[in-house]
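K.L.:
Need a 3D model of the following:
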Amino acid sequence: MNGNWLEAMKAAISEVLETMYFTEVSFRDVTPGAEAFEGWRARIEVNRADGNQAVTLALWLRSGFAKELAGNLLALDAQEVRPEDVKDAMGELANMVAGSWINQLGPDAWRLGLPDAGPVECPVSGTDNASQMFSYGEPVGFAAVDPTGP
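P.N.:
This next block holds a predicted model:
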């Protein structure tokens, strides 16, 4: 599966956003020098059960899109969403995406770590392991995979 980390992650993101957050995204290759933006980051590490490899899944979302997702998940209007709601929704997004991802990779072979989320300046630039996300044609963020290990 090593050659398909990003494709498996995109499928997991699409599944979770459609079923739990009631929105859709499309993906494009990241262009070199993609601009940084203020937003939210969520990441989670997935580890092989044998301890030989770790893979980090990271999502960077523009603030408005992250707030919209939090509102969708919590059944709140965007004006009612607080920063702590966005943080919780981003952590849950990482958790659900990684869970779906593990099911594709082999649920007995991988273990889910704990999500980490918070507001950040999103520094994503062109890489083979990242993809830009769009919702209804508008750029909403990036997704990246960082496989490490032997």
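
K.L.:
Check which helix or strand the residue nearest to Phe65 when sequence neighbours are not counted maps to.
P.N.:
Using C-beta to C-beta, 6 or more residues apart in numbering and skipping residues adjacent in sequence, the residue nearest Phe65 is Val140, 4.0 Å away. Just so you know, the C-beta spots here come from the backbone N, C-alpha and C atoms, and that holds for glycine as well. Assigned by DSSP states H and E, Val140 belongs to strand 138-148.

K.L.:
Let me know how buried Gln53 is, in neighbour terms.
P.N.:
Other residues near Gln53 come to 16 when the count uses other C-beta atoms under 10 Å.

K.L.:
That one reaches Arg111, doesn't it?
P.N.:
No - here Gln53 lies out of contact with Arg111, judged by C-beta atoms under 8 Å, at a distance of 11.0 Å.

K.L.:
between the two, what contacts are shared?
P.N.:
Common contact partners of Gln53 and Arg111 (C-beta atoms under 8 Å, 6 or more residues apart in numbering): Asn47.
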